[in-house]
Structure formats: structure tokens, C-alpha cells
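Participant: I need the structure of the sequence given here:
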Amino acid sequence: MTIYQFKTQSINVLKETSPSPQLDTEVLLEYCLKLSKTQLLLDYKKELLPEQENWLLDAVSKRKQGLPVAYITGHKEFYGYDFIVSPAVLIPKPDTEILVERGIEIILEKMEAHPNQILTVCDMCTGSGCIALAVLRTLSEVYKIPESRLPKFTLVDISPAALEIAEKNVSTLGNLKERIHLVRSNLFEQFPKEGGWTFDVILTNPPYIPHSMVEELLKDGRGEPRLALNGDVTLTGDAAVTETGEPADDGLEIIKNLIPQAKNHLSPMGLILMETGEYNAEATAEYAASLGFKSKIHQDLEGQLRVVELS
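Facilitator: Residues are numbered from 1 along each chain as shown. Take a look at the predicted model:
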């Protein structure tokens with residue numbers, strides 16, 4: 001089978017189930033053959049090796065069943081960087097880049113205001129680590145901040161499987177990995193209130209999707225972890241309920257536990273940047289205001305309310 005023949009066959013197979021059959025096919029080919037899109041076009045008559053053909057056909061079968069391409073290849077680009085991913089972590093989404101951009105702006109402002117201070121940054125519910133690592137790499141590679149001046153990052157997640165993925169991504173950073181500390185914790189449970197565990201910036205993309213929406217999302221076979229999606233879960237892992245005893249379905253239970261805990265671990269001029277759903281961003285800001293925070297809500301690429309900034 002040639003590259004062209006596989007491409008034609010794959011697009012036909014995937015067009016019934018995938019919203020982007022051609023893109024999916026091209027990404028799988030690029031990953032398997034280690035060729036660029038241009039090379040694929042030039043070498044379209046090239047015969048696939050048997051092992052390549054077998055891998056690609058298996059990959060198309062998995063994609064047809066709903067598994068995302070990123071989980072098939074084990075990689076996903078985010079903020080211009082390549083990250084290792086698996087079904088243990090959420091696949092990084094373009095809208096989360098808004099959180100990264102604002103995080104970089106805030107850190108640069110704080111570094112300028114406090115030139116003799118090494119900032120501390122927490123990435124809570126870190127998953128693959130993509131948020132913190134994109135921020136760190138951009139500060140180092142784009143803004144050329146010397147290593148000794150870079151903030152120290154603490155990456156936190158409750159899931160040991162997620163932290164294994166984060167650790168793999170950290171391991172690719174060379175000397176920059178010395179600025180990273182990984183912690184397994186249920187939110188800030190493992191961080192004593194006393195003892196200096198405070199942060200100048202807390203970045204977080206916590207589970208915030210309402211329970212009923214999670215079940216609907218996962219019907220397509222995408223395989224993303226419920227643990228990283230469902231916001232209606234208590235600190236003990238039980239289903240959250242309302243004051244009247246009904247099942248909670250607003251995606252806010254984890255957020256309402258996270259914000260007061262984060263407040264206890266903010267430095268005096270510290271700030272929280274939190275991704276939420278467009279349907280509960282305002283409720284998040286309202287709840288934070290009841291705890292004394294000032295809030296600002298940033299829109300995502302589609303103009304939806306997405307990132308809540310708390311100071």
C-alpha cells in the first residue's frame with residue numbers, strides 16, 4: 001500500500017466518525033513515517049513497510065472508535081511545544097493557552113517589580129504539566145530569563161499516573177528541570193499552612209465540568225480521565241450534593257474547595273489564575289468574591305468566558 005492509497009482509505013474510513021478525517025490521517029502518517037506534511041505530498045507514491053502499514057491500520061481502527069489521535073501517538077503540541085500525553089491526563093486544549101499567556105504576563109510583571117526575589121509558582125491539578133512547563137520554557141527560551149532568575153515551580157496532582165506523565169515531560173527540560181518540584185496531593189492537603197508553602201502565582205485547570213456533561217462527553221470514546229473532568233466530586237471522592245440533597249451538577253464542588261485552600265497558600269500579593277467552563281466562570285468569580293477576592297474573567301479564543309483571575 002502506498003502513502004496515497006492509505007491516505008485515501010483512511011479518510012473514507014474516518015469520515016463517518018471523525019470531524020477531521022484528513023487532518024487525523026496526516027498526523028498519523030507524519031508520526032509513523034517521521035515525515036513532514038510536505039514530504040508526504042512529495043512521496044505519495046512511496047510504499048509503506050509492512051510494520052508501518054500494520055501500525056497505521058491499527059491507529060485508524062482506534063481513531064474510528066473515538067480514541068483521540070494524541071492518545072494514539074502519545075504526543076500533543078501545546079503552546080508551540082511537544083508534550084507526552086496518555087489517557088491518564090487530559091489532552092491539552094488551545095483554549096488553555098489563554099491561561100498560559102496571562103500567566104507569563106503576570107510573572108514577568110512580578111519579576112520586574114521584585115528583581116531580587118525568586119518567584120514561586122504552583123500548577124495545581126497539573127496533569128501532563130503542560131501549563132507550568134509551557135510557561136517555564138517560554139520565560140527561558142523566548143524572554144531569555146537566566147536560569148538563576150527563573151521562578152521555582154511546584155506541580156501538583158492527585159493522580160500518580162498523571163504525575164508519571166508530568167515527570168516524563170519534565171525530564172525533557174535539561175537544566176530547567178531543576179526549577180521543578182512534583183508533589184502528589186489532594187489539592188493542598190499535603191501542604192502545611194505553616195512552613196513557607198506559599199506561592200506568588202497559582203495556575204490551575206481543575207476539574208470543572210458538571211457531572212451530567214462528563215457522561216455525555218465520554219460517550220464518544222475519547223477516553224479522557226473522569227478524575228480530571230468531573231467538577232462535582234467532594235474531597236473524599238464522593239458525588240457532591242446540593243443543600244437539598246440533590247446530586248450537584250454545576251461543576252463547582254472542586255473549585256469551591258480549591259479557592260479557600262489556595263487562599264491559605266498565597267503570598268501577600270499572590271494571584272490565582274483558574275480555567276473554568278463558560279457556564280460557571282461567573283459563579284466561580286462570585287464565590288471567590290465572597291472570600292474577599294477581586295476577580296477578572298478572560299475570554300477564550302471563541303469569546304467564551306474561560307479564565308478567572310483572582311487577586
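Participant: mind listing what's buried in the longest helix anywhere in the chain?
Facilitator: Longest helix in the chain, counting residues (DSSP state H): helix 97-113. Buried residues in helix 97-113, counted by 16 or more other Cβ atoms under 10 Å: 97-104, 106-107, 110-111. C-beta here means a position set from N, CA and C on the backbone, and glycine is covered the same way.
Participant: what does stretch 299-311 give?
Facilitator: So for stretch 299-311, counting by 16+ other Cβ under 10 Å, buried means 300, 305-310.
Participant: stretch 234-254 now?
Facilitator: Of all the residues in stretch 234-254, those buried under the rule 16+ other Cβ under 10 Å are 240, 248-254.
Participant: end to end, how far does that stretch reach?
Facilitator: Distance across stretch 234-254, first residue to last, is 7 Å (Cα to Cα, to the nearest Å).
Participant: stretch 78-96 now?
Facilitator: 9 Å.
Participant: any idea how far N257 lies from T204?
Facilitator: Taking Cβ to Cβ, to the nearest Å as the criterion, N257 is separated from T204 by 12 Å.
Participant: and those two? which has more neighbours close in?
Facilitator: Set side by side, N257 and T204 show unequal neighbour counts under other Cβ atoms under 10 Å, the larger going to T204 at 25 against 18.
Participant: what sits against the closest residue to the more buried one other than its chain neighbours?
Facilitator: Sequence neighbours aside, M124 is the residue nearest to T204 in space, at 4.1 Å (criterion: Cβ to Cβ, 6 or more residues apart in numbering). Contacts for M124 were tallied using Cβ atoms under 8 Å, 6 or more residues apart in numbering; they are 156, 187-188, 202-204, 206, 258, 262.
Participant: that older thread, in TSV, list the buried residues of helix 97-113 along with pLDDT.
Facilitator: Shown next, in TSV, are the buried residues of helix 97-113 (pLDDT from 0 to 100):
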residue	pLDDT
E97	97
I98	97
L99	98
V100	98
E101	98
R102	98
G103	98
I104	98
I106	98
I107	98
K110	97
M111	97
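Participant: ok, the residues you listed vs L235, which is closest?
Facilitator: For the buried residues of helix 97-113, the closest approach to L235 (Cβ to Cβ) belongs to L99, at 23.5 Å.
Participant: the closest one contacts T276, doesn't it?
Facilitator: No - the pair L99 and T276 does not pass the contact test of Cβ atoms under 8 Å, sitting 10.3 Å apart.
Participant: which residues of the stretch 201-311 of the chain fall in helices?
Facilitator: Listed in chain order, the helices found in the stretch 201-311 of the chain under DSSP state H, counting those that start in this stretch are 211-217, 253-263, 281-290.
Participant: how far away is P19 from R63?
Facilitator: Summarising the geometry, the distance separating P19 from R63, computed by Cβ to Cβ, is 11 Å.
Participant: I meant H265, not that one.
Facilitator: Applying Cβ to Cβ to H265 and R63 gives a distance of 41 Å.
Participant: out of the two, which sits in the more crowded spot?
Facilitator: R63 (24 against 21).
Participant: which of the helices or strands spans the residue located most distally from the centre of the chain?
Facilitator: In the chain, the greatest distance from the average C-alpha position (Cα atoms, centre = their mean) is reached by K45, at 38.1 Å. Assigned by DSSP states H and E, K45 belongs to neither a helix nor a strand.
Participant: do L57 as well
Facilitator: Take DSSP H and E as the rule and L57 turns out to sit in helix 50-64.
Participant: of all the residues in that helix, which ones are buried?
Facilitator: Those buried within helix 50-64 under the rule 16+ other Cβ under 10 Å are 52, 55-56, 59-60, 62-64.
Participant: tell me the one among the residues you listed nearest to F293.
Facilitator: The shortest approach to F293 among the buried residues of helix 50-64 belongs to R63, at 42.6 Å (Cβ to Cβ).
Participant: where does this protein have low pLDDT?
Facilitator: Flagging of the chain using pLDDT under 70 yields the residue ranges 194-196.
Participant: just give the nearest non-adjacent residue to the residue nearest the centre of it, would you?
Facilitator: Most central in the chain under Cα atoms, centre = their mean is P92, positioned 4.3 Å from the mean C-alpha point. What sits nearest to P92 in space, not counting adjacent residues and going by Cβ to Cβ, 6+ apart, is F78, at 3.6 Å.
Participant: neighbours of that neighbour, just the number please.
Facilitator: Applying other Cβ under 10 Å, we find 21 residues neighbouring F78.
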